[in-house]
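In: Any chance you can model this:
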Amino acid sequence: MTRVWAAVMLLACTRWAHPAEGQVLIRVGDPARATYSELHEGLRAGTPAADSVLGVLHEKQPVQLWRRLQAALRGDAPWNDAPLTLTRLAELRDRGYADSAARMTERIEAGRVEAPPGQDPADLLAPLRAVQLERERAVRGDAPVLKDLLALVPSRRYGVGDAWVLGRLGRAASDSLQARFLAAEDPELKVRYLTLLSFSADTSAIPLLSRVYAAPDSFGVPVRYGSRASDGLLWIGTRAAMTALLDARKQARARGVYADPALSRGGYDFLANDSSAVISRTGKWLTAWLAELPAQQQRVGPSP
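Out: Predicted coordinates for the structure are as follows:
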């Protein structure tokens, strides 16, 4: 199998307050970064599940992707193919299909799109938004799109499609989010910037994310949201990020940062649940990734 990696918009609510606008990031086959999936339990390259995902993301013809989207809406293909195909369409930045995405958005909002039983067409609004935003990047450039997206955050007028594109804007977006996180006084706004930062794979955020996870209270972040920093480090996925997360966990345990029983879930404390999430999302524990990942990587801030 060709070794590739991809960030994929799917339907989940692990990072977002609105289940219908959930975001799942998937990365498979990048030798410099850990595998990551919020959709699968321990996804591994070379498995049928990974090959199925990557089959969609290898597609270069927008018309084939749009047909697959329509098949998912009819129930003739898995529902997860719908956001997968829209993710790939976003990456291709095709003008005609950006227009098609805008028209489908209008139809969904008007209640004129049907989906299989148990599925909601409104779940596709976020990836449809991403298709249009990625086309905007191609036409206008990254700087004005970044400026527009950042302006939406204080007013809360943004969604997961915006967050996904913001995460693809590389070092400039990462730097801006880090600065705004540090400057914000409102805890809710801090959590919003931290959550948005967790969509970026830019390695420059590793030091800040590790410090936040080790001591969220020192940054004015409610302790339960320290997991957003863990999310960000796992999504960065380099050896340095995994090392930083492992060290931050040790510091947090030593200080009892997450010891409050109110943070427990399912009979397990916060750090135990976080450990389970690491294995579920990456397929291996942190020390296993440290043994596998290369020690040196170039700084990466995906901005295709």
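
In: switch to C-alpha atoms for all contacts and neighbour counts from now on
Out: Will do.

In: What residues does the nearest residue to Asp217 once chain neighbours are set aside make contact with?
Out: For Asp217, ignoring the flanking residues on the chain, the nearest one in space by C-alpha to C-alpha, 6 or more residues apart in numbering is Val223 at 6.1 Å. By C-alpha atoms under 8 Å, 6 or more residues apart in numbering, the residues touching Val223 are 216-217, 257-258.

In: can you put those residues in a markdown table and add pLDDT?
Out: What follows is those, written out as a markdown table (pLDDT from 0 to 100):
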| residue | pLDDT |
| --- | --- |
| Pro216 | 97 |
| Asp217 | 95 |
| Val257 | 97 |
| Tyr258 | 97 |
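
In: are any of those residues buried, and which?
Out: By neighbour count, with 16 or more other C-alpha atoms under 10 Å, those hold 216, 257-258 as buried.

In: Turn those into a markdown table, including distance to Thr287 and secondary structure.
Out: A markdown table is the format used below for the buried ones among the contacts of Val223 (distance: C-alpha to C-alpha, whole Å; DSSP: H, G, I helix; E, B strand; the rest coil):
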| residue | distance to Thr287 | secondary structure |
| --- | --- | --- |
| Pro216 | 23 | helix |
| Val257 | 22 | coil |
| Tyr258 | 21 | coil |
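
In: From the residues you listed, pick the one nearest Gly46.
Out: Relative to Gly46, the closest of these is Tyr258; by C-alpha to C-alpha it sits at 36.4 Å.

In: How about the contacts made by the closest one?
Out: 223-224, 252, 269-271.

In: what's the answer for Ser218, then?
Out: With contact taken as C-alpha under 8 Å, 6+ apart, Ser218 is in contact with Val212.

In: And for Glu114?
Out: By C-alpha under 8 Å, 6+ apart, the contact list for Glu114 reads 73-74, 120-121.

In: so it, which of the three states?
Out: Three-state assignment for Glu114 (DSSP: H, G, I helix; E, B strand; the rest coil): coil.

In: quick revisit: mark which of the contacts of Glu114 are part of helices, please.
Out: The helices in this structure, assigned by DSSP state H, contain 73-74 from these.

In: Does Pro116 touch Arg74 like I think?
Out: Yes: using C-alpha atoms under 8 Å, Pro116 makes contact with Arg74 at a distance of 6.3 Å.

In: still on that earlier bit, and which of the contacts of Glu114 is nearest Ala143?
Out: Nearest to Ala143 among these, with distances taken as C-alpha to C-alpha, is Pro121, at 31.4 Å.

In: Count the residues that sit near that closest one.
Out: By other C-alpha atoms under 10 Å, the residues close to Pro121 number 20.

In: which non-adjacent residue is nearest it?
Out: The shortest distance from Pro121 to any non-neighbouring residue, by C-alpha to C-alpha, 6+ apart, is to Ala115 (5.8 Å).

In: what about Ala291, distance to His58?
Out: For Ala291, the distance to His58 equals 29 Å [C-alpha to C-alpha, to the nearest Å].

In: ok, now Gly237?
Out: Between Gly237 and His58 the distance is 22 Å, computed by C-alpha to C-alpha.

In: okay, those two: which has more neighbours?
Out: Applying other C-alpha under 10 Å to Gly237 and His58 shows that Gly237 carries more neighbours, namely 26 against 12.
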